[in-house]
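# just a sequence and a predicted model for now, questions to come.
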Amino acid sequence: MKAEYLENINSPEDLRQLSQDKLTLVAQELRHFIISMVSEYGGHLGASLGSVELTVALHYVFNTPDDQLIWDVGHQAYGHKILTGRRNTFHTNRQFGGISGFPSRVESPYDTFGVGHSSTSISAALGMAIASELEGNLERQHIAVIGDASIASGMAFEGLNHAGVSSANLLVILNDNAIGIDPSVGALKNYLTKAKIGYKPKQSNIIEALNFTYVGPIDGHDIHALIKAFENLKKIKGPRFLHVMTKKGKGLKPAEIEQVKYHAPGKFDKITGKTFQNKTDDKKIKYQDVFGKTILHLAQHDEKIIGVTPAMPTGSSLKYMMDVFPDRAFDVGIAEQHAVTFSAGMATRGFKVFCTIYSTFFQRAYDQLIHDVALQNLPVVFCVDRAGIVGKDGATHHGVFDIAFLKAIPNLIVASPSCAKDLKNLLYTASLGIKQPLVIRYPRGKSDVNDLNIDFENIPMGEAVCLKEGEDVAVLSLGKMRKSVSKAIEYIGKSIGHYDMRFVKPLDTEILDEIAKTYSKIITVEDAIVSGGFGESVKSYLSTKHPQIEIVSMGLPDVFIPHGDTKTLLDKYGLGVKDIIDEIQKT
């Protein structure tokens, strides 16, 4: 498809020069461009395909960037990036040194607020709107575009609640497609479904009850209806709410049908939509599936086992259990705080709760982890997926802070298995019954095994293992860094000790004492920030008990790590195999 109009749009100002009757063609070209780019380079697909007409209409009607447009999460913002001067660099999306997969303030003045986690748009837009009032600018528009899954989050309600008692020039657009990454859940979803099919709820409109002017639902793929609605809403003062219906994956039939799969499908055929499989290590089981299949197996033998996830049943693989035991596995929506405290409540009644949550999203429930779980010493098991560098999602999604923020909390056990066997057996050990909260952190991607035919074994809490004895230098690896350390030691070819520590907390001080008798230099390696990390705990213990030992801590620096493939990032930030080799050879 020839981009007759799109190739001449380098800013929204160019878009606004076109007559309204040309915008449908612009939307067609934009959708085709997104499909073409993502098919070749990868990225988030479905959400951005669904928001094409909405994006075109927003930039056509509103005077961006002076009018402030805030996208929630950012999965839906590819069209926005392309129309705001990044068409020619879009092929670098999510690649190291290229543009971010999410809106980023350092990247463009049109990205008015950096995002990556959900449900922040309303609060941010309200803050901007009230700031404009204080500056005396009563004409500037502030538009938050939020999905139906994201608006069910507590933070979104907090923003709506505050906005409803303000005079802010705020427009909230609900991009309602009935799905986030997985299908939306909860009572609000049911309410919105009734609104979409024309059913008039007996209770008053929930949005109007919060003092918003409510308009909708309207067809989010009808550019002219959208423009008309925007023009009318611009004339209304105070907080306004527009309910827009869209289809995730719009314009690519497989993406419309298999919306979960095509959220971020990897590379695919842009004509047929057929996805391509990465042939490397295809048979290796993903760590998330080690969790998902193991927890299902354990649940089949223990009716006290409960699974909980905040809106990531497919991404975490809890869906295996949800399909078999829907009454014992819960998707609670994008509500990390609720997920943690809900799990705590169930644990008080003697249930064995496994709450699976991405490391980056676990940050959002830190108070609940401390106040509702650890303080009460409730035996919730947190299965923390996507720990460490996660790759192309970048700074908002890397799970590199968890060790530092977890090890400070009393009562927590913090484990970081280095292989599928240890992950499976930690889950098994936890299922036997624990007396305090346990965190099991594991990485994104493929494990080291092709199948899970592994006998269950109990793993003593806080026990490290010696993988290889040596002389002079010992390397203490944590989690996924075991593989890189093994490669480095194999390359060097001389007698280097290697220990898989497995636990951040409690530290295996007995094995540390034994190591101190044999080695003059110890190197710790972890896939997290070195500041406040596992290495610091080792150094703190050994420097007091065995001050003669030289200790080097290898981890990530005190910066936000950008997007890029995982190997590139580890090499760039000092955690590649070569970096480990160099450190060992400094002796």
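That came in fine, so what should we check first? Predicted, not measured: the structure shown is a model, and the values here were computed from it.
# so where is the chain shaky, pLDDT-wise?
1, 179-187, 189, 193-204, 277-281, 587 (pLDDT under 70).
# give me the domain ranges for it.
The chain breaks down by automatic domain parsing into domains covering 6-263, 287-441, 465-584.
# and the helices in the stretch 151-300 of the chain?
Using DSSP state H, counting those that start in this stretch, the helices of the stretch 151-300 of the chain run over 154-163, 187-196, 206-209, 223-234, 253-257, 287-300.
# swap that for the stretch 301-450 of the chain, sorry
Under DSSP H, counting those that start in this stretch, the stretch 301-450 of the chain gives helices at 313-316, 319-324, 336-347, 359-362, 366-368, 402-406, 420-431.
# which of those helices sits closest to Gly42?
helix 313-316 (16.3 Å; C-beta to C-beta). Bear in mind the C-beta positions are built from the backbone N, C-alpha and C, glycine included.
# quick check: Pro109 vs Leu134, distance?
21 Å (C-beta to C-beta, to the nearest Å).
# of those two, who's got more company?
The neighbour count for Pro109 versus Leu134, taken as other C-beta atoms under 10 Å, is higher for Pro109 (11 against 8).
# is the more buried one in contact with Pro65, as I believe?
Yes. In this structure, Pro109 is within contact of Pro65 by C-beta atoms under 8 Å, at 4.7 Å.
# next up, phi/psi of Gly555, please.
With angles defined as degrees, to the nearest 10, Gly555 sits at phi -170, psi -170.
# spell out the residue ranges of the strands in the stretch 101-250 of the chain.
Using DSSP state E, counting those that start in this stretch, the strands of the stretch 101-250 of the chain run over residues 142-147, 170-176, 213-219, 240-245.
# among those, which is nearest Lys586?
Closest among these, using C-beta to C-beta: strand 142-147, at 50.3 Å.
# so which elements touch the closest one?
Counting contacts by 3 or more C-beta pairs under 8 Å, 6 or more residues apart in numbering; DSSP states H and E, strand 142-147 packs against helix 52-61, strand 68-71, helix 121-134, strand 170-176.
# how distant is it from the center of its chain?
On the basis of C-alpha atoms, centre = their mean, to the nearest Å, strand 142-147 sits 20 Å off its chain's mean C-alpha point.
# could you do stretch 103-122 as well?
That offset, for stretch 103-122, works out to 15 Å (C-alpha atoms, centre = their mean).
# for it, buried residues please.
103-104, 107-108, 110-122 (16 or more other C-beta atoms under 10 Å).
# of the residues you listed, which belong to helices?
Taking DSSP state H as the definition of helices, the buried residues of stretch 103-122 contribute 121-122.
# quick one on the thing from earlier: could you dump the helices of the stretch 301-450 of the chain into a markdown table and include distance to Arg502 and mean neighbour count?
Formatted as a markdown table, those follow (distance: least, C-beta to C-beta, whole Å; neighbours: other C-beta atoms under 10 Å):
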| stretch | distance to Arg502 | mean neighbour count |
| --- | --- | --- |
| helix 313-316 | 22 | 23 |
| helix 319-324 | 25 | 19 |
| helix 336-347 | 24 | 22 |
| helix 359-362 | 17 | 25 |
| helix 366-368 | 24 | 15 |
| helix 402-406 | 13 | 23 |
| helix 420-431 | 6 | 23 |
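# quick check: Asn8 touching Leu18?
No. Checked against C-beta under 8 Å, the pair Asn8 and Leu18 is beyond contact range at 9.2 Å.
# so for those two, which sits in the more crowded spot?
Leu18 (16 against 11).
# do you know which of the strands of the stretch 101-250 of the chain lies nearest Ala339?
Nearest of the strands of the stretch 101-250 of the chain to Ala339, taken as C-beta to C-beta: strand 142-147 at 18.5 Å.
# partner strands of the closest one, with direction?
Applying DSSP bridges to the sheet, strand 142-147 is found paired with strand 68-71 (parallel), strand 170-176 (parallel).
# with distance to Gln141 and mean neighbour count added, can I get the ones you listed in TSV?
Listed next are these as TSV, based on distance: least, C-beta to C-beta, whole Å; neighbours: other C-beta under 10 Å:
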stretch	distance to Gln141	mean neighbour count
strand 68-71	7	26
strand 170-176	7	26
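# show the subsequent helix or strand relative to the longest helix seen in the chain.
For the chain, the helix that runs over the most residues, judged by DSSP H, is helix 23-41. The C-terminal neighbour of helix 23-41 among helices and strands, as given by DSSP states H and E, is helix 46-50.
# which residues does that following helix contact?
With C-beta atoms under 8 Å, 6 or more residues apart in numbering as the test, helix 46-50 has contacts from 31, 34-35, 38, 73, 75-79, 147, 175, 177, 220, 246-252, 255, 259, 262-263.
# quick one on the thing from earlier: closest one to Gly445 among the helices and strands packed on strand 142-147?
strand 68-71 (27.5 Å).
# ok, and what's touching the closest one?
Residues from elsewhere that reach strand 68-71 (C-beta under 8 Å, 6+ apart): 58-59, 62, 77, 80, 103, 110, 112-113, 115, 121, 124-125, 128-129, 140-145.
# likewise stretch 296-307?
Outside stretch 296-307, the residues that reach it (C-beta under 8 Å, 6+ apart) are 295, 318, 320-322, 324-325, 328-330, 343, 346, 350-356, 427-428, 431.
# can you give me the end-to-end distance of it?
9 Å (C-alpha to C-alpha, to the nearest Å).
# as TSV, the helices of the stretch 301-450 of the chain with distance to Tyr519 would be great.
TSV is the format used below for the helices of the stretch 301-450 of the chain (distance: least, C-beta to C-beta, whole Å):
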stretch	distance to Tyr519
helix 313-316	39
helix 319-324	43
helix 336-347	40
helix 359-362	31
helix 366-368	36
helix 402-406	23
helix 420-431	24
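# so for Ile581, which of the ones you listed sits nearest?
That would be helix 402-406 among these, by C-beta to C-beta, at 23.6 Å.
# pull the distance from the closest one to the chain's centre.
Worked out by C-alpha atoms, centre = their mean, helix 402-406 lies 17 Å from the chain centre.
# now do stretch 294-314
Taking mean C-alpha positions (C-alpha atoms, centre = their mean), stretch 294-314 and its chain are 21 Å apart.
# make residue 1 into 636 and carry on from there
Will do, 636 is the new start, and the previous item becomes stretch 929-949.
# what residues of it count as buried?
Neighbour counts over stretch 929-949 (16+ other C-beta under 10 Å) mark 929-934, 940-949 as buried.
# of the residues you listed, which pair is most distant in space?
Maximum pairwise distance among these (C-beta to C-beta): 24.0 Å, between His932 and Ala946.
# Gly720 is nearest to which of the helices and strands packed on strand 777-782?
Nearest to Gly720, of the helices and strands packed on strand 777-782 and by C-beta to C-beta, is helix 687-696 at 11.5 Å.
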